[in-house]
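In: Okay, here's the prediction I keep looking at, along with the sequence it came from:
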Protein chains: 2
Amino acid sequence: MALSKQTARIIKLPPVAIFAVGSEVVQGYIVNSNAAWLAREMAELGFEVVRHEAVRDDKDAIAARIRPCMPQGLLVIVSGGIGPTVDDMTRQAVSDALSRKLVLDKDDLARLHARYAAMGREFPQGSEIQCMRPEGARVVPNAHGTASCFLVKHGNGGVAVLPGVPREMKAVFADELRAALVADFGSPGKFYTRELKCFGMPESAIDIACRDLLTHANASAAILVDDAVIRLRWRVLAIDEAAAAVVLDPIADEARKRLGDVMFGTYEDSLEGVTVAACKHAGLTVALAESCTGGMIAHLLTSVPGSSDVLIESAVTYHNEAKIRRLGVKQATLDTHGAVSEPCVREMVEGIARESKADLCVATSGVAGPGGGTEDKPVGTVWLAAWFKGETRAWKLNVPGDRELVKWRSARTAINVLRITAQKGALPDKPAHWIVPP
Amino acid sequence: MALSKQTARIIKLPPVAIFAVGSEVVQGYIVNSNAAWLAREMAELGFEVVRHEAVRDDKDAIAARIRPCMPQGLLVIVSGGIGPTVDDMTRQAVSDALSRKLVLDKDDLARLHARYAAMGREFPQGSEIQCMRPEGARVVPNAHGTASCFLVKHGNGGVAVLPGVPREMKAVFADELRAALVADFGSPGKFYTRELKCFGMPESAIDIACRDLLTHANASAAILVDDAVIRLRWRVLAIDEAAAAVVLDPIADEARKRLGDVMFGTYEDSLEGVTVAACKHAGLTVALAESCTGGMIAHLLTSVPGSSDVLIESAVTYHNEAKIRRLGVKQATLDTHGAVSEPCVREMVEGIARESKADLCVATSGVAGPGGGTEDKPVGTVWLAAWFKGETRAWKLNVPGDRELVKWRSARTAINVLRITAQKGALPDKPAHWIVPP
C-alpha cells in the first residue's frame, strides 16, 4: 500500500530550455558544447530538455528571449555573460525579463573582496556587479571563479545562471546547482547507472564481445567513445539503489569478466588516476624516459594529486645528445638503428632504470609527425619499452592519427603498461590494440 | 563620385537565425557544431547571425519556433530532419510555419529514382517525401545524399533547409546554398576582422586599457577569454579589404602599442607555436627543468611540429633526489629553503643550463595542490626561473586555481618567458600578472 502511494506521487518538473549567452558563440567562434553537457545532466535529474538557444551579448535580446519562457513555465538554464566586463549582460537581462530588481548581495561582495585579498590582488574596479542578483534569487556559490551564480524560481519554472567557461560551468553545476535544483524543484533524482571504462581494445571489438549485454532488455546501454578511452554505460529508472542493483549488477559483473584487463575503472576514474593508485598500492616508484611523447606521460601522471609519492623523474630526452648524456644510449645504437628503434628504446628504459633506481620504468621513441616519416618508419611508428624487476620488454606500435593523437595514444599506452604491471605484478603481453605483432 | 554612389548603395540583408532540428542534439548526445560553422559562413556573406536554436523532432514544436521569425523578417537556416523516416519533420513544419502547401517536385522525384537506380537499390517506400517542398521554394540540389534541400523567400526573410549530417550539410552549403543566398538576397560579400591574442594581463585590465577601442563607433568588438589567453577582435562590413583596413588598422595598431609584450599573436597563433618560431628565428636552443609543471611545458612545446629543432631536453625532476642527481641542486638548499624556493629554482635552472648547454632555460618549482600547501607557501605558490646569456632571473608566482590550472598557468607563464626572451633578446621583467611583486 505504501509503495503504490509512493509511485502515485507524480512529480511535475518544468520543461527546460538551455541558453548560451555570448556573441562569440552566436558568431560561431566557439562551438556551444555547454548545451549538450547541460542537456545530459538535466536529463539525469529527470528534467525534459525541449530547446537550446544561443543569444548575443545584448541585454535586450537576452531578455526578449527569456521573457516568453516564463508564462510557458520553462526552467531556463543560462550559461555565460556573468563576468565583470562591459559586454557581460546576463544578470541585467534576467532581472529585466523577470521584472525583478537587481540587488547587491553584501555577503557575497565580502566573499569576493576576501577572494581577491587571498590572491594578493587589488579588487578590480566594477567587479561589484558580479555580486548582484534579481530579488528573491538564491545564490549558487562559485568556488572556481569570481562570478557567483544564481537560481530563481519564477511561476512554475525559473532561471538558473552559470558561468560560460566550460570548466567553470561544469564545476559550479556539479558542486552546487545540481543540489539546488533537486531542493527547489523536487527532482526525484533517480536514474541509476553502472559505467565501465576501457582502454586498449577498439570499440568494434568491445561491441562484439558485449553485444548481448549492450542490447539487454532491462537496461538501456550506451557506448561512449572519448578517443581511445571507451565507456560502457547501463542505465535504469528505479525506485532505489537496491532495485537498480538487481538489474544492473549482473550485467556489469558479466561485462567485467569478459573485458578483463581492458577495463580499468568506472565513472570518474581516469587511466592515470587508476595507475598512480595501483603503483602506490603496490609500493612501486616510477621513472620515465620520453622522446616522442615529449613530456606528456609525466604531465598526465602529475595531473593526479599525490603522484609525487610515485614519480621520481621523467627524462624528456628530445634531442639525441640528451639520450646519450642522460640515459647512456650508445652513439653506435643511434648510428646503426636510429632513435626510433627497439635497441634505442631498450637502452633508454634501462638507462632511466639505472639512473633513477625506480621500481618500474617506461620509455618511448617514435615519429609523431607531421614530418620525419620514412617508408620504413612512417608517421605513427612508436617504440615503447618497459623495465620491471630486471626484465625489459619492448613493443612496436603503429598509432593512427595526427601529431597530437600519436602523442596522446602513445602516452596512454605507456601508462596502461604501468597500470597492468602494478596491478598484476608482471609486465603485460599486449597493452593496446595498436601494437604490431612481432 | 563613383565612391559616394557605391557607399550609398545600402544592401539590407535579413538577420539570420540558425536552427538545428534533432532530438539527439537537444538531449545532448550530439554537440551542435553545425551552428558554429554556419554562423561563420553566413558572416562571411555579410549576414548578421542573431541567434541559434536547437529543437526536437516534433513538427509542431519546429513550426512554433519558426513561425514568429517570419514577421521579424528573419532568414532561418535549418539543418536536420529532412530524411525519409517518420521522425524527419522539418519539411512539414516549415510548410506549416509559412502556411504554404507542401508540393511534390516531379523533376526532383525523377532525379531521386535515378539515384537509387544508379546505386542498384530499390526505391524505398515513402521516399517521395524527400522531394516535397513548400510552394514557391527553390530547390537546392544535394549531390551528397538523397534528401534535396530548399530555399524559400518569405516576406523580408525566409527559410533555407539543409541536411543535418555535418559533412553533407557543409557540402550542400558550399556547392549550392551559398550561391542561392547571394542570388536571392543580394549578399555583397564580406565582413573583415582583426584579432589580437594576449597573455599575461587579466581581462579586466585589458578592458580598461582598451575600453575606447573596444567601444569604437566604426567597428564592433569582442573580448574572448580562453582561460589565460585573451582574444580581442574587431569587425566591420566593408566593400573590400582596403576599405576595411582604413577603419581596422588604426584600431589594431593602437591596441598593439598599448598592449606591448602582452600581445603574442593573431588568429590561429598559439603561445607555444609563436614561442617555438621565435626561438628558431633567433637561433636559440631551449632546455627545461620542471618540478610542479610535471612535464607540461615540454608537452606543450613538443605539440608544435618542428619543436625538435629547438628543445634539447626537459628534466622533469619531480622527486628531490632527482633535482640533486640531475641538476646539481644542493641538499643544503633543499634542507634550508625547501624545493619551492628562489634558491632551489635558481640552482635548477643553472643546473639544466650547465648540463644541456642550451641557450635559454627555464625551471619551475611550486605547490600545485590540492595537498602540500602551508601558511608560508599556500597552494598556487610557484617559483619560476630563467637563464639566458649567463644571467639568472627568478619570479614568485601566486597562481589561482586547482591543480590542473596551477600547472597550466605556470607552464604557460614559463613559455611566455621563453617567447619574450627570444623576441627581445633579453629576459622579461614581468611575464604574467600573477607574479608577486618582490
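Out: Good, I have the coordinates.

In: Can you tell me the SS state at the residue lying closest to residue A:130 once chain neighbours are set aside?
Out: Distance criterion C-beta to C-beta, 6 or more residues apart in numbering or on different chains; nearest residue to residue A:130, sequence neighbours excluded, is residue A:147 at 4.6 Å. Just so you know, the C-beta spots here come from the backbone N, C-alpha and C atoms, and that holds for glycine as well. Of the three states, residue A:147 takes coil under DSSP: H, G, I helix; E, B strand; the rest coil.

In: Can you tell me the closest non-neighbouring residue to residue A:249?
Out: That would be residue A:194: by C-beta to C-beta, 6+ apart, it lies 7.4 Å from residue A:249.

In: unless I'm mixing things up, the residue nearest to residue A:130 is touching residue A:83, no?
Out: Yes: if you go by C-beta atoms under 8 Å, residue A:147 and residue A:83 touch, sitting 5.8 Å apart.

In: between those two, what contacts are shared?
Out: residue A:130 (C-beta atoms under 8 Å, 6 or more residues apart in numbering or on different chains).

In: Neighbouring strands of the helix or strand hosting the residue nearest to residue A:249 in the sheet, and parallel or not?
Out: Using DSSP states H and E, residue A:194 maps to strand A:191-199. According to DSSP bridges, strand A:191-199 forms sheet pairs with strand A:229-237 (antiparallel), strand A:263-265 (antiparallel).

In: Adding mean pLDDT, write those strands out as a markdown table.
Out: Listed next are those as a markdown table, based on pLDDT from 0 to 100:
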| stretch | mean pLDDT |
| --- | --- |
| strand A:229-237 | 84 |
| strand A:263-265 | 97 |
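
In: Identify, out of those, the most deeply packed stretch.
Out: Each of these was scored by mean neighbour count; the highest is strand A:263-265, a mean of 22, by mean count of other C-beta atoms under 10 Å in any protein chain shown.

In: could you turn the helix or strand just after that strand into PDB, dropping everything but the C-alphas?
Out: Counting by DSSP H and E, the element after strand A:263-265 in chain order, helix or strand, is helix A:271-282. Extracted in PDB, the C-alpha atoms of helix A:271-282 (Å, rounded to 0.1, in the frame of the first residue of the first chain):
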ATOM      1  CA  LEU A 271      43.600   5.900 -16.600                       C
ATOM      2  CA  GLU A 272      46.400   7.900 -15.000                       C
ATOM      3  CA  GLY A 273      44.500   8.200 -11.600                       C
ATOM      4  CA  VAL A 274      44.000   4.400 -11.500                       C
ATOM      5  CA  THR A 275      47.600   3.900 -12.500                       C
ATOM      6  CA  VAL A 276      49.000   6.200  -9.800                       C
ATOM      7  CA  ALA A 277      46.800   4.500  -7.200                       C
ATOM      8  CA  ALA A 278      47.900   1.000  -8.400                       C
ATOM      9  CA  CYS A 279      51.600   1.900  -8.200                       C
ATOM     10  CA  LYS A 280      51.100   3.500  -4.700                       C
ATOM     11  CA  HIS A 281      49.200   0.400  -3.600                       C
ATOM     12  CA  ALA A 282      51.900  -1.900  -4.900                       C
END
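
In: The next helix or strand after helix A:271-282 pairs with which strands?
Out: Per DSSP H and E, the first helix or strand lying C-terminal to helix A:271-282 is strand A:286-290. Strand pairing for strand A:286-290, determined by DSSP bridges: strand A:311-316 (parallel), strand A:360-366 (parallel).

In: Longest helix in chain A, please.
Out: helix A:403-424 (DSSP state H).

In: okay, the angle between that one and strand A:229-237?
Out: Comparing the axes of helix A:403-424 and strand A:229-237 via axes from the mean of the first three to the mean of the last three C-alpha atoms, to 10 degrees yields an angle of 70 degrees.

In: Now do helix A:403-424 against helix A:271-282, angle only.
Out: Using the same axes, to 10 degrees: helix A:403-424 against helix A:271-282 is 30 degrees.

In: and helix A:403-424, what does it pack onto?
Out: helix A:271-282, helix A:296-302, strand A:360-366, strand A:381-388, strand A:391-398 (3 or more C-beta pairs under 8 Å, 6 or more residues apart in numbering or on different chains; DSSP states H and E).

In: Tell me the buried residues in it?
Out: Going by neighbour count (16 or more other C-beta atoms under 10 Å in any protein chain shown), the buried part of helix A:403-424 is A:403, A:405-423.

In: contacts for stretch A:215-228?
Out: Stretch A:215-228 is contacted from outside by A:199-200, A:203, A:206-207, A:213-214, A:230-236, A:247-248, A:251, A:405, A:408-409, A:412, A:432, using C-beta under 8 Å, 6+ apart.

In: same question, stretch A:193-208
Out: Stretch A:193-208 is contacted from outside by A:209, A:214, A:223, A:225, A:228-235, A:248-249, A:251-252, A:255-256, A:259, A:261-267, A:269, A:271, A:412-413, A:416, A:430-433, using C-beta under 8 Å, 6+ apart.

In: again, 7 Å this time
Out: Residues outside stretch A:193-208 that contact it (C-beta atoms under 7 Å, 6 or more residues apart in numbering or on different chains): A:214, A:223, A:225, A:228-235, A:248, A:252, A:255-256, A:259, A:262-267, A:269, A:271, A:412, A:416, A:431-433.

In: go on, stretch A:324-331?
Out: Contacts with stretch A:324-331, where a contact means C-beta under 7 Å, 6+ apart, come from A:289, A:315, A:317, A:323, A:344, A:347, A:348, A:351, A:352, B:313.
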